[in-house]
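here is my input; please provide its structure:
(one chain, ligands or ions: 2)
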Amino acid sequence: MRSFPGGYGSGQVPSNEEYVMHGFEERRFRPLAVDTDLPWDRIRLSVVVPVFNEARTVEELLRQVRSVPLALEVIVVDDGSTDGTRDILPGLAENGLIDHLVMHEVNRGKGAALRTGFAHATGHVVVVQDADMEYDPREFPLLLEPILSGKADAVYGSRFLGGPHRVLFFWHSVGNRFLTLLSNMFTDVNLTDMETCYKMVRRELLQSLPLSADRFGIEPELTARLAQAQARIYELPISYNGRSYAEGKKIGWKDGVSALWCIVKYNVFPPAVPEWRPPKVPAWQEGDGAAKIVGAPADRAQQQGPPS
Ligand SMILES: Nc1nc2c(ncn2[C@@H]2O[C@H](COP(=O)(O)OP(=O)(O)OP(=O)(O)O)[C@@H](O)[C@H]2O)c(=O)[nH]1
Ligand SMILES: [Mg+2]
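Ligands and ions are numbered 1, 2, ... in the order given. Down below sits the predicted model:
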C-alpha cells in the first residue's frame, strides 16, 4: 500500500490531488485500503444537505463537500432559516457549490427537508450531510465502498465504533445508545448508532421507501423502513466533531422523548414496505461501457499521470 506524503496522523493533510492520485489508498483510521479496482469513476453521489440556521458553517461545509474526489450532485434544502442563511445560499449556488437549491418558506423540520432533498436526487447513491460540520465529508469514499462493491444497499457511519470523536455530553451518548437499542429490538438489526446523520442509501431503494416524519423522527423511520425492506445495511466507524450548545447545538431532551414514540410508530404501524430486490446489475455498471463520469477520480488521476 502506498502512503500519502506525510500520511494521516503526521499532521500533514494530503491535498485533493494527492488524495485522487493515490486512489484512496490511505485510510484515516483503518489500516485497510479502499479497493482501487472498484468503478469509482462511474458512480454519482447525491449529497442532501438539510440547513436550518447554519449561517456560520454552511459555506465552509459545502467547500469541504466539493473537495471530495467523487462525482457529486449537491442538493441543499433550506428549512425556513431566519439567521441570514437564506441570503448566503443563492450566491453559493451561483459559485457552483450547490447544484440544486430548494427553499422551504417556513421551518418544517429535518425530516421534511430530507424528503424534499431525496425527491430531487438523481445520483446512484444518496447521502445525508448535516450543515453544522460535525461530520467529515472526506469519509464519503469509505462509506461508499460497501455499496460500490455490491455488498450493501445502505451504509451507516457510526459514532460509536471507535473513530476519533470530540469528547462531549455523556448523557447524550447514553440516550443515543438507548434509542439505538430500542430501535434494534424492533427492527432486529444490530446497529450501534441509529441516530447518525451519515446514512448512505442506493437512490432507487431510498425513493421507494414510504417516509413521512417531518422532524428528527426521520432517523428511526428511515432505519425501520430499511430493515422492513430487508436492505443489506453496513456500518462503519466515522469521526465525529460534536458541538456544544454555545456552538449551536439544537437537539434536546424533548427530541429524545419524541424519538421513543417514533421508534414504536414506524416499526409497528403500516404501511408495509415491500422487500427490496437490488437489480442484478447496478445502475452504475449498466451497459458495456457505462459512460464514465467526467471529473471523477480516475479521469483526474489519469490527467495528472500515474502515482509515483
Ligand atoms: N434542529 C433542526 N435542524 C434542522 C431543521 N431542519 C433542518 N435541519 C438541519 O438538519 C441538520 C441536523 O440538525 P442538528 O440540529 O444539527 O441535529 P443533530 O446533529 O442531531 O443535533 P445537534 O447538532 O446536537 O443539535 C442540520 O444540518 C440542521 O441545519 C430543523 O427544523 N431543526
Ligand atoms: Mg448536528
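
where does pLDDT dip in this protein?
For the chain, the stretches with pLDDT under 70 are 1-33, 288-291, 294-308.

ligand 1 contacts on that one?
Within the chain, the positions near ligand 1 by Cβ under 6 Å from any ligand atom are 50-52, 54, 79, 107, 109-110, 113, 130-132, 134, 197, 243, 249-251. Bear in mind the C-beta positions are built from the backbone N, C-alpha and C, glycine included.

so which of these sit within helices?
With helices defined by DSSP state H, the entries of the residues of the chain next to ligand 1 inside them are 110, 113.

for ligand 2, what are the nearby residues on the protein?
Proximity of the chain to ligand 2 (Cβ under 5 Å from the ion) is limited to residues 130, 132, 134.

could I get the residues you listed as CSV with neighbour count?
Output for the residues of the chain next to ligand 2, formatted as CSV (neighbours: other Cβ atoms under 10 Å):
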residue, neighbour count
130, 18
132, 22
134, 21
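
show the buried residues in the residues of the chain next to ligand 1.
Buried subset of the residues of the chain next to ligand 1 (neighbour count, 16 or more other Cβ atoms under 10 Å): 50-52, 54, 79, 107, 109-110, 113, 130-132, 134, 197.

residue 287: how many residues sit nearby?
Neighbour count of residue 287, defined by other Cβ atoms under 10 Å: 8.

now do it against residue 46, distance only.
Distance, residue 287 to residue 46, by Cβ to Cβ, to the nearest Å: 21 Å.

equivalent analysis for residue 227, please.
Using Cβ to Cβ, one obtains 22 Å as the distance from residue 227 to residue 46.

same thing with residue 100?
Separation of residue 100 from residue 46 (Cβ to Cβ): 9 Å.

so what sits against both of these two?
Residues touching both residue 100 and residue 46 by Cβ atoms under 8 Å, 6 or more residues apart in numbering: 73, 75.

out of those two, which sits in the more crowded spot?
Under the criterion of other Cβ under 10 Å, the comparison of residue 100 against residue 46 puts residue 46 first, with 23 against 17.

quick one: residues contacting the more buried one.
72-73, 75, 121-123, 125-127, 203.

show me what contacts the closest residue to residue 189 other than its chain neighbours?
Among residues not flanking residue 189 along the chain, residue 227 sits closest, at 5.1 Å (Cβ to Cβ, 6 or more residues apart in numbering). Residue 227 sits next to 187-189, 233 when contact means Cβ under 8 Å, 6+ apart.

buried stuff in the host helix or strand of residue 182?
According to DSSP states H and E, residue 182 maps onto helix 170-187. Of the residues in helix 170-187, 172-173, 175-176, 179-180, 182-184, 186-187 count as buried by neighbour count, 16+ other Cβ under 10 Å.

and for stretch 110-127?
110-118, 120-121, 123-127.

mind saving the C-alpha coords of that stretch as PDB?
Backbone C-alpha positions of stretch 110-127 (Å, rounded to 0.1, in the frame of the first residue of the first chain) are rendered in PDB as follows:
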ATOM      1  CA  LYS A 110     -35.100  17.900   9.300                       C
ATOM      2  CA  GLY A 111     -37.300  15.100   8.100                       C
ATOM      3  CA  ALA A 112     -39.300  17.300   5.800                       C
ATOM      4  CA  ALA A 113     -36.100  18.900   4.500                       C
ATOM      5  CA  LEU A 114     -34.600  15.500   3.800                       C
ATOM      6  CA  ARG A 115     -37.800  14.300   1.900                       C
ATOM      7  CA  THR A 116     -37.600  17.400  -0.300                       C
ATOM      8  CA  GLY A 117     -33.900  16.700  -0.900                       C
ATOM      9  CA  PHE A 118     -34.400  12.900  -1.600                       C
ATOM     10  CA  ALA A 119     -37.100  13.800  -4.200                       C
ATOM     11  CA  HIS A 120     -34.600  15.900  -6.100                       C
ATOM     12  CA  ALA A 121     -31.800  13.300  -6.100                       C
ATOM     13  CA  THR A 122     -30.700  11.800  -9.400                       C
ATOM     14  CA  GLY A 123     -27.400  10.200  -8.400                       C
ATOM     15  CA  HIS A 124     -26.900   6.400  -8.000                       C
ATOM     16  CA  VAL A 125     -26.500   6.700  -4.200                       C
ATOM     17  CA  VAL A 126     -27.700   9.400  -1.800                       C
ATOM     18  CA  VAL A 127     -26.000  10.500   1.500                       C
END
